[in-house]
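# Curious how this folds, go ahead:
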Amino acid sequence: MDDQTLTTKGLAPHGQGHVLLIACGALAREILALKNANGWDHLDLQCLPAILHNHPERIVPAVRDAVAKHRGAYENMFVVYADCGTGGLLQAACDELGVQMVAGPHCYAFFEGNDVFAARDEMTAFYLTDFLVRQFDAFVWEPLGLGRHPDLRDMYFQHYDKLVYQAQTDDPTLTEKAQSCADRLGLAFERRFTGYGDLKTALAGL
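Coordinates of the predicted model:
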């Protein structure tokens, strides 16, 4: 399992569990770490391509397709996406399909804890997770055209004042890279160790 595959193709389900997690590819390592640490063999994992993070309009159709494809093989399904820019459409689709999903507006909120994140009310912070630090160029720098047009940086990020790295793991190499990402964007840097936050709570409830 490598980040490039998770970005463009996702991850096919395997195992003999009776609950299928349908998740964003950007969460694969965290979910598998929780599965292994807690012995959650009843959970199988399918990941949709992480690049859907940049195309939220594609998330709902992809989730619908995954549910339709695998419904007959599992007793239950759980969608490991928050709203993720779908404007409530993913929750509506899950309600219609009879499946549950992670609560919250996006992964940044549930990693930090939805209540804690909401209380911060940060409007000028740009967030990165472990996965997005590793894939910063593919998800931020290249899609925004900053390599070709560095002058666009100030236009895109004029309303941000800091980059917040929400660390799921204690990895000095990732912290150093996150600091470099902040420098490239011209933003102040803050690291917060979040661990798995509400993601762990949601999966434990299954």
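# Could I get the full set of strands for this structure?
Taking DSSP state E, the strands of the chain run over residues 19-24, 43-48, 76-80, 100-101, 125-128, 162-167, 188-193.
# JSON lines for those strands, including distance to residue 70?
No exception for glycine: its C-beta is placed from N, CA and C like everyone else's. Output for the strands of the chain, formatted as JSON lines (distance: least, C-beta to C-beta, whole Å):
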{"stretch": "strand 19-24", "distance to residue 70": "5"}
{"stretch": "strand 43-48", "distance to residue 70": "7"}
{"stretch": "strand 76-80", "distance to residue 70": "7"}
{"stretch": "strand 100-101", "distance to residue 70": "15"}
{"stretch": "strand 125-128", "distance to residue 70": "31"}
{"stretch": "strand 162-167", "distance to residue 70": "30"}
{"stretch": "strand 188-193", "distance to residue 70": "34"}
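# What residues of the top helix by length along the chain count as buried?
For the chain, the longest helix by residue count, based on DSSP state H, is helix 172-185. For helix 172-185, a neighbour-count test (16 or more other C-beta atoms under 10 Å) marks 174-175, 177-178, 181-182, 184-185 as buried.
# just the angle between that helix and strand 162-167, please?
Orientation of helix 172-185 against strand 162-167 (axes from the mean of the first three to the mean of the last three C-alpha atoms, to 10 degrees) gives an angle of 160 degrees.
# Now helix 172-185: average pLDDT?
In this model, helix 172-185 has a mean pLDDT of 98.
# neighbouring contacts of it?
Outside helix 172-185, the residues within contact range by C-beta atoms under 8 Å, 6 or more residues apart in numbering are 126, 128, 130, 133-134, 136, 140-141, 146, 153, 157, 160, 162-163, 165, 167, 188-189, 191.
# Kindly recompute the last result at 7 Å.
Applying C-beta atoms under 7 Å, 6 or more residues apart in numbering, the contact partners of helix 172-185 are 126, 128, 130, 133, 136, 153, 157, 163, 165, 167, 188-189, 191.
# got it, and stretch 70-83?
With C-beta under 7 Å, 6+ apart, stretch 70-83 has contacts from 13, 18-24, 27, 31, 59, 63, 67, 90-91, 94, 99-107, 109-110, 206.
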